[in-house]
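Colleague: Coordinates only, no sequence provided:
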């Protein structure tokens, strides 16, 4: 179909597709003349054969619908049937598989509406069952009304024969009863003996098991006591070791503190001696500087103003004393014992002098010594 003259623009594809779909649906309807989803067959005629059910109907879907992909065969796993009205003639309906089976009990036509639900949708149809032979008629055979009658001579029996037969039966029954009583007594005795034997064996087993468990309990108790003793001894040893280690550490700490105190005292003494020497040197230098000032005063006896200037210059020399006090602090590392110092103290000194802090203790000491 060409819509170029009628419809123009970019919507030509939609019109072409719609026409193809309509033509396809019309072709399917013309080909089938019925709903392709309906149940097959409409008319069913079944007769019992061997031990199979007289009626056996299965759901059927048109192969064309399966090929087109509208329904998948796996969807029939969840088939659900409902029937209205119920076929009250002995038919069974399996709602999981969709099979209709059973044994027809009445002859004639039976129709019912069936609805099937599955994953692809739902549809309904009618089922007609025509029964021509039932299970009852197969079980009960028809008799011929004109069969020949039986003769009276065939049914006559003598009384003597009957009495003899009764006596024989009584004798057989008494003998059979005696035999059965003997068998019962013997079986009863054997059963009692077996019960007693089994009881004795069971009691022996119980006693043996009881003794085993008692021995196991005793062994466990002895193991527990031994373990407790071992634990106590180990705890005592650990306490003793701990006390010894604590005593050793205390002694070592005391010795280290005493050594540090001695070093500190010696260091203080050395610093004091150095300070005293520096003070003496400074005093000598001050005395040397003051002598020429007095000579100047004697040569110029005009006014006393220079004397006042000399007096004012004395406090200005006090910062020189502070500088003198700082000099021995810088000279202290020359006489320090770096081996007795800790790593943190060595790193602190290196930071003050602007040196690298990485390395072991020996590297730090060598850097300090080289810097001196």
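Modeller: Now that the structure is in, tell me what you want to look at. Everything quoted here is computed from the prediction, not taken from an experiment.
Colleague: Show me which positions of the helix or strand containing residue 17 end up buried.
Modeller: For residue 17, the element it lies in under DSSP states H and E is helix 12-32. Residues of helix 12-32 include none that count as buried (16 or more other CB atoms under 10 Å). All C-beta spots, glycine's among them, are computed from the backbone N, C-alpha and C.
Colleague: can you list the weak-confidence ranges in the stretch 101-250 of the chain?
Modeller: 102-110, 114, 116-162 (pLDDT under 70).
Colleague: Mind doing that once more with 50?
Modeller: 143-145, 147-157 (pLDDT under 50).
Colleague: the helices in it, which residues?
Modeller: 135-139, 159-299 (DSSP state H, counting those that start in this stretch).
Colleague: Which other helices and strands does the last one contact?
Modeller: Translated: helix 159-299. Helices and strands touching helix 159-299, by 3 or more CB pairs under 8 Å, 6 or more residues apart in numbering; DSSP states H and E, are helix 305-316, helix 318-335.
Colleague: per the record, what domains does this structure have?
Modeller: The chain breaks down by automatic domain parsing into domains covering 34-139, 341-372.
Colleague: These: lowest mean pLDDT?
Modeller: Mean pLDDT is lowest for domain 34-139 among the domains of the chain, at a mean of 61.
Colleague: follow-up on the earlier one: for residue 348, which of the helices of the stretch 101-250 of the chain is the nearest?
Modeller: Among those, helix 159-299 comes nearest to residue 348, with 16.2 Å by CB to CB.
Colleague: Number of residues surrounding residue 345?
Modeller: Neighbourhood size, residue 345 [other CB atoms under 10 Å]: 13.
Colleague: Repeat that for residue 355.
Modeller: Residue 355 has 14 nearby residues by other CB under 10 Å.
Colleague: so which strand or helix has the nearest residue to it once chain neighbours are set aside?
Modeller: In this structure, residue 355 finds its nearest non-sequential neighbour in residue 367, 5.4 Å apart by CB to CB, 6 or more residues apart in numbering. Per DSSP H and E, residue 367 falls inside helix 361-371.
Colleague: Which residues does that helix contact?
Modeller: If you take CB atoms under 8 Å, 6 or more residues apart in numbering as the criterion, helix 361-371 is touched by 333, 338-339, 343, 346-347, 349-350, 353, 355-357, 359.
Colleague: mind running it again at 10 Å?
Modeller: 333-334, 336, 338-339, 341-343, 345-347, 349-350, 353-360 (CB atoms under 10 Å, 6 or more residues apart in numbering).
Colleague: are any of the residues you listed buried, and which?
Modeller: In the contacts of helix 361-371, the ones that pass as buried (16+ other CB under 10 Å) are 336, 338, 341, 346, 347, 349, 350.
Colleague: of all those residues, which comes closest to residue 232?
Modeller: Distances from residue 232 to these, taken by CB to CB, are shortest for residue 341, at 46.6 Å.
Colleague: so that closest one touches residue 267, yeah?
Modeller: No - using CB atoms under 10 Å, residue 341 is not in contact with residue 267; the gap is 11.4 Å.
Colleague: Find the residues that touch each one of those two.
Modeller: With CB under 10 Å, 6+ apart as the test, residue 341 and residue 267 reach no residue in common.
Colleague: Give the buried residues for the helix holding residue 367.
Modeller: 364, 367, 368.
Colleague: Check stretch 185-192 too.
Modeller: Buried residues in stretch 185-192 (16+ other CB under 10 Å): none.
Colleague: Can you name the residues in contact with it?
Modeller: Outside stretch 185-192, no residue touches it (CB under 10 Å, 6+ apart).
Colleague: re the thing from before, make JSON lines from the helices of the stretch 101-250 of the chain and add distance to residue 24 to it.
Modeller: As requested, these are exported to JSON lines (distance: least, CB to CB, whole Å):
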{"stretch": "helix 135-139", "distance to residue 24": "48"}
{"stretch": "helix 159-299", "distance to residue 24": "84"}
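Colleague: and of these, who's closest to residue 26?
Modeller: helix 135-139 (48.0 Å).
Colleague: since we're on residue 111, how many residues are nearby?
Modeller: The burial count for residue 111: 13, using other CB under 10 Å.
Colleague: Which strand residues bridge it?
Modeller: residue 128 (DSSP bridges).
Colleague: measure residue 228 to residue 173 for me?
Modeller: 80 Å (CB to CB, to the nearest Å).
Colleague: Over to residue 63?
Modeller: 73 Å.
Colleague: cool, residue 15 as well?
Modeller: Taken as CB to CB, the span from residue 15 to residue 173 is 102 Å.
Colleague: one step back: tell me which entries of the contacts of helix 361-371 lie within strands.
Modeller: Within those, no residue falls in strands by DSSP state E.
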